[in-house]
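J.: Below is the sequence, then the predicted model.
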Amino acid sequence: MTTGLPRGWSVAKLGECCATVEKVDPRKYPDTSFDYIDIGGIEPGSGRIEVTKRLRGRDAPSRARQLVRAGDVILSTVRTYQRKTAIVPESLDGAIASTGFCVLRPHRGVDSRFVLHQLLDNRFVERLSEKQSGTSYPAVRDRDVRAMGIRLAPEVEQRRIVAAIEEHYSRLDAAERALVAADHRLHALYRSVAVDAFDRPDWDWTTLGEIAEVKGGVTKDSKRETDPEFEEFPYLRVANVQRGYLDLSDVTTIRADPLKAQRLVLRPGDLLFNEGGDRDKLGRGWVWEGQIEDCIHQNHVFRARLLGDGFDPYFVSLHANSWGQQWFEAHGKQTTNLASLNLTTLKSFPVPAPSLQEQRAVALHLRSALDSVQHQRLELEHVTARASSLRCSILVEAFAGRLVSHYPHDESAPAPLDCVAAG
């Protein structure tokens, strides 16, 4: 651990350079309000607390037990690979945190943000994640966290390192915001072009149910896992059916009755529509091109098989993904956390009916535009991945002592025992 330490640096366990925090029970003060910090309120990898709850003592959950102060570093001990680690801001001084966090209160001479960035470093996260136990709820113990070693620079150098990290991050944040804005502009531009392409008052209209056989898919059932008569089939889920393309990077399988499955096997030219989930997923879909043999679809994905040869499948799908998006949002059923389409509604979806020649011309034009948009999105994803890689590199350089200059007059880092004494 000490190999390659920069001059003046030391190594300490988190438990040696951070104090423990006070335990409280807010239910003893039923009428007193407090801010509650739960694991779900931490944006992964951001170092920030995004959401808190204002509760009265009488409503406090059993896990609300840790009194935190500004500058405390809180680290989720559950699924540590999610990097739900944050620093407590001044506005939350005196809040109460869940016992699902290990709360670290750095001693004097140890900068909270220096600790925070080190705990967000992928190398630290990987080492800590190796200590997790449990499968459905993998977690580490507080003492596992506090036994982890971190590097300590001289205090003034810690502050310079933190300032340098955050300056680099600020630039990357601005670049990533620009990338998100560019992606939104691409989407809006394509949608505008596509909607205009279908805005033809001279066209006749029909419905999807008039021109296609529309069917639901297979439902997951625990019986399928053990029935010896059933066979394994690849099948498409909502995640596979995107707007204007199919993501086949992760196609799972399901056991199904072979006779029933054969009636659900997709054929090239079949149209796929998502039943829903989030509102923006309603009717989302694309055309099956026979990429996987004997592939079927789950019940949350509808299949529409065109009747006859009067309609181009790409024309219909492009129409559904552009003009149709607003229609699906207006006609889908909305519950508290779920939006959905039923078979009857999908069959009533309006479809323009120009000549097949016009359909193909429109589809060719829009597919060319869509290919251009998707190419540019891939470029944006590449740049975004590069920004993420740069963040990792910045932390590597920072904690190797190479991000800022060393000055001879900097004092040495506090030794672990000095941290405890100073605290």
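T.: It's in.

J.: Please count neighbours and contacts with C-alpha atoms only from this point.
T.: Noted.

J.: for the stretch 151-300 of the chain, what are the low-confidence residue spans?
T.: Within the stretch 151-300 of the chain, the stretches falling below the threshold (pLDDT under 70) are 221-227.

J.: Any idea how far the helix or strand harbouring residue 12 is from the middle of the chain?
T.: Using DSSP states H and E, residue 12 falls within strand 10-13. Between the mean C-alpha location of strand 10-13 and the chain-wide mean there is a distance of 34 Å, by C-alpha atoms, centre = their mean, to the nearest Å.

J.: What mean pLDDT does that strand get?
T.: Taken as a whole, strand 10-13 has an average pLDDT of 94.

J.: what's the next secondary structure element after that strand?
T.: Counting by DSSP H and E, the next helix or strand C-terminal to strand 10-13 is helix 14-17.

J.: Show me what the strand holding residue 12 is packed up against.
T.: The elements that strand 10-13 packs onto, with contact taken as 3 or more C-alpha pairs under 8 Å, 6 or more residues apart in numbering; DSSP states H and E, are strand 149-152, helix 416-422.

J.: Output it as CSV, restricted to C-alpha atoms.
T.: Output in CSV follows, covering the C-alpha atoms of strand 10-13 (Å, rounded to 0.1, in the frame of the first residue of the first chain):
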residue,chain,number,x,y,z
SER,A,10,1.1,8.7,4.4
VAL,A,11,-1.5,5.9,4.5
ALA,A,12,-4.2,5.5,7.1
LYS,A,13,-7.3,3.4,7.6
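
J.: partners of that strand in the sheet?
T.: In its sheet, strand 10-13 lies beside strand 149-152 (antiparallel), with partners assigned from DSSP bridges.

J.: chain center to the partner strand, what's the gap?
T.: 30 Å.

J.: swap in stretch 371-380?
T.: Stretch 371-380 has its average C-alpha position 20 Å from the chain's average C-alpha position, going by C-alpha atoms, centre = their mean.

J.: Buried ones in it, by neighbour count?
T.: Judged by neighbour count (16 or more other C-alpha atoms under 10 Å), stretch 371-380 contains these buried residues: 373, 374, 377, 380.

J.: Over to stretch 388-398?
T.: Under the neighbour-count criterion of 16+ other C-alpha under 10 Å, stretch 388-398 has 391, 392, 394, 395, 396, 398 buried.

J.: Okay, and which of the residues you listed map to helices?
T.: Taking DSSP state H, the ones among those that sit in helices are 391, 392, 394, 395, 396, 398.

J.: For these, could you give me JSON lines that also reports distance to residue 58 and pLDDT?
T.: Conversion of these to JSON lines gives the following (distance: C-alpha to C-alpha, whole Å; pLDDT from 0 to 100):
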{"residue": "391", "distance to residue 58": "43", "pLDDT": "92"}
{"residue": "392", "distance to residue 58": "43", "pLDDT": "93"}
{"residue": "394", "distance to residue 58": "45", "pLDDT": "95"}
{"residue": "395", "distance to residue 58": "43", "pLDDT": "94"}
{"residue": "396", "distance to residue 58": "46", "pLDDT": "94"}
{"residue": "398", "distance to residue 58": "45", "pLDDT": "95"}
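
J.: Name the residue closest to the centre of this structure, please.
T.: residue 44 (8.8 Å; C-alpha atoms, centre = their mean).

J.: Look up phi and psi at that residue.
T.: Per-residue torsions, residue 44: phi -50, psi 130 (degrees, to the nearest 10).

J.: and what of residue 56?
T.: Residue 56 adopts backbone torsions of phi -100, psi 160, taken as degrees, to the nearest 10.

J.: buried sites along stretch 35-52?
T.: Neighbour-count burial for stretch 35-52 [16+ other C-alpha under 10 Å]: 35-39, 41-45, 47-49, 52.

J.: cool, and stretch 154-173?
T.: Buried-residue list, stretch 154-173, by 16+ other C-alpha under 10 Å: 154-162, 164-166, 169, 172.

J.: try stretch 317-329
T.: Within stretch 317-329, the residues that count as buried by 16+ other C-alpha under 10 Å are 317, 318, 319, 320, 321, 322, 323, 324, 325, 328, 329.

J.: Pipe those residues into a markdown table and attach secondary structure, distance to residue 97 and pLDDT per row.
T.: Rendered in a markdown table, the data for the buried residues of stretch 317-329 read as follows (DSSP: H, G, I helix; E, B strand; the rest coil; distance: C-alpha to C-alpha, whole Å; pLDDT from 0 to 100):
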| residue | secondary structure | distance to residue 97 | pLDDT |
| --- | --- | --- | --- |
| 317 | helix | 49 | 96 |
| 318 | helix | 49 | 94 |
| 319 | helix | 49 | 94 |
| 320 | helix | 47 | 94 |
| 321 | helix | 44 | 91 |
| 322 | coil | 45 | 89 |
| 323 | helix | 47 | 90 |
| 324 | helix | 45 | 91 |
| 325 | helix | 42 | 89 |
| 328 | helix | 42 | 92 |
| 329 | helix | 39 | 89 |
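
J.: Pipe those residues into CSV and attach distance to residue 27 per row.
T.: Written out in CSV, the entries for the buried residues of stretch 317-329 read as follows (distance: C-alpha to C-alpha, whole Å):
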residue, distance to residue 27
317, 56
318, 57
319, 57
320, 53
321, 52
322, 53
323, 54
324, 52
325, 48
328, 47
329, 44
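
J.: which one of those sits closest to residue 309?
T.: Proximity of the buried residues of stretch 317-329 to residue 309 (C-alpha to C-alpha) peaks at residue 317, which lies at 15.2 Å.

J.: Okay, helices next: where are they in the stretch 51-200 of the chain?
T.: 112-120, 122-129, 142-146, 155-197 (DSSP state H, counting those that start in this stretch).

J.: just checking, what packs against the helix or strand following the last one?
T.: Towards the C-terminus, the helix or strand next in line after helix 155-197, according to DSSP H and E, is strand 205-207. For strand 205-207, the contact count by 3+ C-alpha pairs under 8 Å, 6+ apart identifies strand 350-352 as packing neighbours.

J.: which other helices and strands contact the strand it packs on?
T.: Short answer (3+ C-alpha pairs under 8 Å, 6+ apart): strand 350-352 packs on strand 205-207.

J.: Could you export the following helix or strand past the strand it packs on as PDB, CA atoms only?
T.: On the C-terminal side of strand 205-207, the closest following helix or strand by DSSP H and E is helix 208-211. Listed next in PDB are the C-alpha coordinates belonging to helix 208-211 (Å, rounded to 0.1, in the frame of the first residue of the first chain):
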ATOM      1  CA  LEU A 208     -53.400  -0.800 -37.800                       C
ATOM      2  CA  GLY A 209     -56.100  -3.400 -37.000                       C
ATOM      3  CA  GLU A 210     -57.400  -3.100 -40.600                       C
ATOM      4  CA  ILE A 211     -54.000  -3.700 -42.200                       C
END
